[in-house]
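Q: no sequence for this one, just the structure:
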């Protein structure tokens, strides 16, 4: 059985990945949808033509990861596409965000993504692909988005290194680094502080992010940066010292 796995599938970019891929890729027999909210997953599954399996679980729960690993061992599927779209972030100064919330960012964005990728790799074969949702925040330190940016930098560098490790097996890994995306992400992110005006100016649609991500994955690119302005930002961050950006970031916060 050939499957596609989508984490964070209950809303936002994760849901859009499942909707976009539905019926578009030959050889996908089933889509496995993973998120915490069962009702949202049920609604999504009922709207798709491709048969779905629903896994309502919190990926920061180590027991949930173990259960998913056991399910994979029993089903022994062929994973054609893995999409790690689960993630969250909190805007605000580190001393204003409770430690539990900061830990939750790290657990979900970095640790859970690593665990999901690791337990899925044995079921991936030549031609399989992984799409990891990173962020343009990964390109440089982000005051008042410090933990989120650090976790996304982890995703970017971990995934680029892993891509080289599995390339000879014919498995391709793409890190997707959009700027702000018009999803419910900011409903939670603004729990402790409002988004800077500068971030709101560059929001793009989840549909555009997903189209760019699938195109980059199909082209076997290791990094995908959707949007013209974010591409310029990416190039600038590689060419210029990060210290030059800090005054600009301070004024925009």
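A: Thanks, I have it. No experiment lies behind these values; they were computed from the predicted model shown. Residues are numbered from 1 along each chain as shown.
Q: C-alpha from now on. contacts and neighbour counts both.
A: OK.
Q: Just the mean pLDDT for stretch 216-226, thanks.
A: Regarding stretch 216-226, the rounded mean pLDDT is 96.
Q: Which positions in that stretch come out as buried?
A: Neighbour-count burial for stretch 216-226 flags 216-217, 220-226 (criterion: 16 or more other C-alpha atoms under 10 Å).
Q: quick one, what contacts residue 50?
A: Residue 50 is in contact with 22-23, 28-31, counting by C-alpha atoms under 8 Å, 6 or more residues apart in numbering.
Q: and if you look at residue 132?
A: For residue 132, the contacting residues are 83-85, 155, 159, 173-176, by C-alpha under 8 Å, 6+ apart.
Q: can I assume residue 6 sits in a strand?
A: Yes: under DSSP: H, G, I helix; E, B strand; the rest coil, residue 6 sits within a strand.
Q: what about it, how many neighbours?
A: Neighbour count for residue 6, taken as other C-alpha atoms under 10 Å: 24.
Q: Show me what the longest helix along the chain is packed up against.
A: Scanning the chain for the helix with the most residues, using DSSP state H, yields helix 146-166. Of the remaining helices and strands, those touching helix 146-166 by 3 or more C-alpha pairs under 8 Å, 6 or more residues apart in numbering; DSSP states H and E are helix 99-106, strand 129-133, strand 172-176.
Q: Please identify the deepest-packed of these.
A: Scoring the helices and strands packed on helix 146-166 by mean neighbour count under mean count of other C-alpha atoms under 10 Å gives strand 172-176 as the most buried, with a mean of 27.
Q: so what strands line up beside that strand?
A: strand 129-133 (parallel), strand 223-224 (parallel) (DSSP bridges).
Q: Among those strands, which comes closest to residue 95?
A: Evaluated with C-alpha to C-alpha, the strands paired with strand 172-176 place strand 129-133 nearest to residue 95, the distance being 26.6 Å.
Q: what's the angle between that closest one and helix 146-166?
A: 170 degrees (axes from the mean of the first three to the mean of the last three C-alpha atoms, to 10 degrees).
Q: Show me what counts as buried in stretch 69-76.
A: 69, 72.
Q: What lies in contact with that stretch?
A: Contact with stretch 69-76 is made by 119-120, 123, as judged by C-alpha under 8 Å, 6+ apart.
Q: residue contacts, residue 49?
A: Counting by C-alpha under 8 Å, 6+ apart, residue 49 has contacts 22-23.
Q: and it, how far is that from residue 113?
A: 27 Å (C-alpha to C-alpha, to the nearest Å).
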